[in-house]
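K.L.:
Kindly return the folded structure for what I paste below:
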Amino acid sequence: MASNATVKCPPPMKATSNGVFQGDNPLDYALPLAILQICLVVVFTRVLALLLRPLRQPRVIAEIVGGILLGPSALGRNQAYLHNVFPSKSLTVLDTLANLGLLFFLFLVGLELDPKSLLRTGKKTLSIALAGITLPFALGIGSSFALQATISKDVSKAPFLVFMGVALSITAFPVLARILAELKLLTTDIGRVALSAAAVNDVAAWILLALAVALSGSNHSPLISLWVFLCGCAFVICCVFIIPPIFKWMAQHCPEGEPVDEMYVCATLAAVLAAGFVTDSIGIHALFGAFVVGVLVPKDGPFAGALVEKVEDLVSGLFLPLYFVSSGLKTNIATIRGLRSWGLFVLVTCTACFGKIVGTIAVSLICRVRFQEALTLGILMNTKGLVELIVLNIGKDRGVLNDQAFAIMVLMALFTTFITTPLVMAVYKPAKRMGKAEYKHRTIQRENSNAQLRMLACFHSTRNIPTLINLIEASRGTEKREGLCVYAMHLMELSERPSAILMIQKTRKTGLPFWNKGERPGSNEVVVAFEAFRQLSRVWIRPMTAISPMNSMHMDICASAERKRAAIIILPFHKHLRLDGQFETTRADFGQVNRRVLERAPCSVGILVDRGLGGAAHVSASNVNSGITMLFFGGPDDREALSYGARMAEHPGITLDVIRFLIDPKVVRDNGRSPQDIVRLDTDVRTVVEARSIDEKFLSEFKLKMPRDGAIRYEERLVTDALETVEVIHEHSRCNLFLVGRAPEGELVMAWKGRGECPELGPVGSLLVSRNCSTTASVLVVQKYRGQVPLQSLGSVREEGEELGSVRKEEESLERDSDTN
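P.N.:
Below is the predicted model:
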């Protein structure tokens, strides 16, 4: 007998609870439940991202997998968990927050795309992009017939065909950029073509998506769909003519170097919401309006960067993961059951891969691209991501995709993106193709001192530029030489933020890596500074930018130095000077970058500790008046530093004081002195004698070449211990620059070894930047290229301590042997 009982709908959730002490369950209220959901999603996806990092997978993979695992496919099988953490009555609030975050994220995605760069896209790139869209779209329509005949019989035919075609033809531009960065392919021709083609594909996908949404309305009249599409086109045309002049006016009132007015930021964000409201009212989707506004914001100047800074952390960090869990709650892998369903999954996946890869390869070969590179391009263009999920979720919400078809398409997107990185690593090996460039001059110390000096000078920000330019000015040498060639590399981190891709779009032009060719005068203050210096001096200087993750930035530096045959790499110290004269860490990660460069550099390396060399502005050649002090203890690094100092002393405004430290012979003959006063560096007498003979020969040649105009002053100081050595250094603390070797040799420096906080500076460099050293002079710590010699002391302070301990053990054994004899 049927029951006549009426079913009551649950009451709407209140916002906040009165607390557990008054008997309320916080999970029955919207705000505390939303907070719990956000925290759970963020923590879960971040942990997954850490676990997948060794596989070099982009974060979007972890977010998609995390959303699926939190949904009914895995944890959601536990009904208690699902009803308490993700109850059905909370899904409206969850979807609203997720779509609001997605709205602003699509605005950021639009900011990443520069319409001007798309218009400048070459014929080859445009052909590859169109082939990567056309063939997968056609194959997607073909595969949709198989799905419609089996598991999607009750859906509308025309919208289903278009949605399937769009879903298979998409290339995820932001995800592709991060995969290229992870594989170190951003600086290659493949990276340039893939990024440009993906940008064209992104715009085409949004146009096709607008068409698909227009066709998927609840009203089956084709006239309604036509009206929706025409109104969408009218909206875009109005935005193109109205929005850019307004944003251009805002950008003109935001000068470089000054904070952007909060009113302009609020007005822009309100415009994003208004555009979303208009497109949603038309019947396309609110996301489409936000994307159009982002595309039309001018990319020049600080305005776009300020918008990204205000929005990206909150949106991409908190709200965007909610969209992945919202998608995961709709994805139930259990609906894919039986041989037929899994066969359809294989069909869709193979169709998607075949269309993208084969279409891209065919056009690439016609454009005379090598097969290996063409295959790599095809694999890269097969990358899916967030836009794919957006298409699928819109199709699911509009009833175009049922549960089973939706699950199959989500798994297809996940699988195709997951295999991109390992397949590219297996197919394309640029290291083997490029090989190691052999070049002759890897050091400043050389037989032909008149040969051209090539320098790779790195900097973190505009704060490093004045000192760096003054150092380059001092390194010019005389007119008799073949000149100085400098590559000024701006080191920028590629993070998971959307602004990282915007940074690539603003910086990248053509060549290796990120050469700033074609940069308009005045559009980049870094380029302007170096261009002005190039015109005022006789130095050939070329600004460039390396954008890479922190854990692989040293690879870009070393590869660029080898490719450009640099004799020395200049790196900025990872600490900056405060107003009180003490050093404060800028970013500890840059210290790790410096140490890795010291270990793997193909040439000599110098670390510049900036205390304002020459002041806060570039000093012209006629006004240079600097004093440089070179502290010579012995060893290859000290010889390299002295060779650099000798070149600097050729500048008419620079004087060089060379202080060579020697142990007082009286101390050596005094057997009554305790062993703690003097620590011997090496117990092998023959090695010590050979090292000293090399130093003596080098210094003899140096003194013979010293000019007689007094530009170089050489002095030998006899000292008894490390304390007296420090006193001598303090006597010369009023100079402008200290030149020291990173690993000096001799008994005197052994007392300082292992005591400094920064092993990359060596014992003398660490002393000069310590709190106890009262000097305003900058410090340049030089390490000579070692070839195949293992640099075991570069890794950490601990390793230096272990090395010092082994030396002391050898000394103790030698003393026991001498006592026995």
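
K.L.:
Tell me where the stretch 651-800 of the chain is predicted with low confidence.
P.N.:
Along the stretch 651-800 of the chain, segments meeting pLDDT under 70 span 666-689, 691, 751, 753-756, 787-800.

K.L.:
That one: strands as residue ranges?
P.N.:
Taking DSSP state E, counting those that start in this stretch as the criterion, the stretch 651-800 of the chain contains strands spanning 654-663, 712-719, 737-741, 778-783.

K.L.:
Just put these in CSV and tack on distance to Lys124 and mean neighbour count.
P.N.:
The way it works is simple: take the backbone N, C-alpha and C, and place the C-beta from them, glycine included. As requested, those are arranged in CSV below (distance: least, CB to CB, whole Å; neighbours: other CB atoms under 10 Å):
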stretch, distance to Lys124, mean neighbour count
strand 654-663, 50, 20
strand 712-719, 56, 15
strand 737-741, 49, 27
strand 778-783, 43, 27
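
K.L.:
And those strands: which comes nearest Ile141?
P.N.:
Counting by CB to CB, Ile141 lies closest to strand 778-783 out of the strands of the stretch 651-800 of the chain; the figure is 61.3 Å.

K.L.:
From the contact counts, what lies against that closest one?
P.N.:
strand 604-609, helix 636-648, strand 737-741, helix 762-768 (3 or more CB pairs under 8 Å, 6 or more residues apart in numbering; DSSP states H and E).

K.L.:
got TSV for the strands of the stretch 651-800 of the chain, with distance to Val175 too?
P.N.:
Below are the strands of the stretch 651-800 of the chain laid out as TSV (distance: least, CB to CB, whole Å):
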stretch	distance to Val175
strand 654-663	51
strand 712-719	57
strand 737-741	46
strand 778-783	39
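
K.L.:
Select, out of these, the one closest to Ile282.
P.N.:
Among the strands of the stretch 651-800 of the chain, the nearest to Ile282 by CB to CB is strand 778-783 (61.3 Å).

K.L.:
For Ala138, report the pLDDT, please.
P.N.:
Model confidence at Ala138, given as pLDDT, is 92.

K.L.:
And the next helix or strand past the helix or strand hosting it?
P.N.:
According to DSSP states H and E, Ala138 maps onto helix 123-150. Counting by DSSP H and E, the next helix or strand C-terminal to helix 123-150 is helix 157-169.

K.L.:
Do me a favour and average the pLDDT over that following helix.
P.N.:
Mean per-residue pLDDT for helix 157-169: 87.

K.L.:
Determine the set of other helices and strands touching it.
P.N.:
Using 3+ CB pairs under 8 Å, 6+ apart: helix 157-169 touches helix 123-150, helix 189-215, helix 339-366, helix 386-397.

K.L.:
And those helices, which one averages the lowest pLDDT?
P.N.:
Lowest mean pLDDT of the helices and strands packed on helix 157-169: helix 189-215, a mean of 82.

K.L.:
which helices and strands does the helix or strand that it is followed by pack with?
P.N.:
Next along the chain after helix 189-215, taking DSSP H and E as the criterion, comes helix 222-252. Using 3+ CB pairs under 8 Å, 6+ apart as the contact test, the elements touching helix 222-252 are helix 189-215, helix 262-282, helix 286-296, helix 302-314.

K.L.:
let's see it at 10 Å
P.N.:
Helix 222-252 sits against helix 157-169, helix 189-215, helix 262-282, helix 286-296, helix 302-314, with contacts defined as 3 or more CB pairs under 10 Å, 6 or more residues apart in numbering; DSSP states H and E.

K.L.:
now the helices and strands packed on helix 157-169 as CSV including mean neighbour count and distance to Ala234?
P.N.:
CSV is the format used below for those (neighbours: other CB atoms under 10 Å; distance: least, CB to CB, whole Å):
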stretch, mean neighbour count, distance to Ala234
helix 123-150, 20, 24
helix 189-215, 23, 12
helix 339-366, 19, 32
helix 386-397, 24, 21
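
K.L.:
Redo the ones you listed as TSV? Include distance to Tyr428.
P.N.:
Formatted as TSV, the helices and strands packed on helix 157-169 follow (distance: least, CB to CB, whole Å):
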stretch	distance to Tyr428
helix 123-150	16
helix 189-215	7
helix 339-366	13
helix 386-397	24
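
K.L.:
Nearest to Glu724, out of the ones you listed?
P.N.:
Across the helices and strands packed on helix 157-169, closest to Glu724 is helix 189-215 (CB to CB), at 56.4 Å.

K.L.:
picking that back up, want to try JSON lines for the helices and strands packed on helix 222-252, with distance to Gly606 as columns?
P.N.:
Shown next, in JSON lines, are these (distance: least, CB to CB, whole Å):
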{"stretch": "helix 157-169", "distance to Gly606": "51"}
{"stretch": "helix 189-215", "distance to Gly606": "30"}
{"stretch": "helix 262-282", "distance to Gly606": "42"}
{"stretch": "helix 286-296", "distance to Gly606": "43"}
{"stretch": "helix 302-314", "distance to Gly606": "31"}
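
K.L.:
out of those, nearest to Val43?
P.N.:
With CB to CB as the measure, helix 302-314 is the member of these nearest Val43 (16.6 Å).

K.L.:
List the buried residues in that closest one.
P.N.:
302-308, 310-312 (16 or more other CB atoms under 10 Å).

K.L.:
between the very next helix or strand once past that helix and helix 302-314, how big is the angle?
P.N.:
Next in sequence after helix 302-314, counting helices and strands by DSSP H and E, comes helix 320-330. Put simply, helix 320-330 runs at 50 degrees to helix 302-314, going by axes from the mean of the first three to the mean of the last three CA atoms, to 10 degrees.
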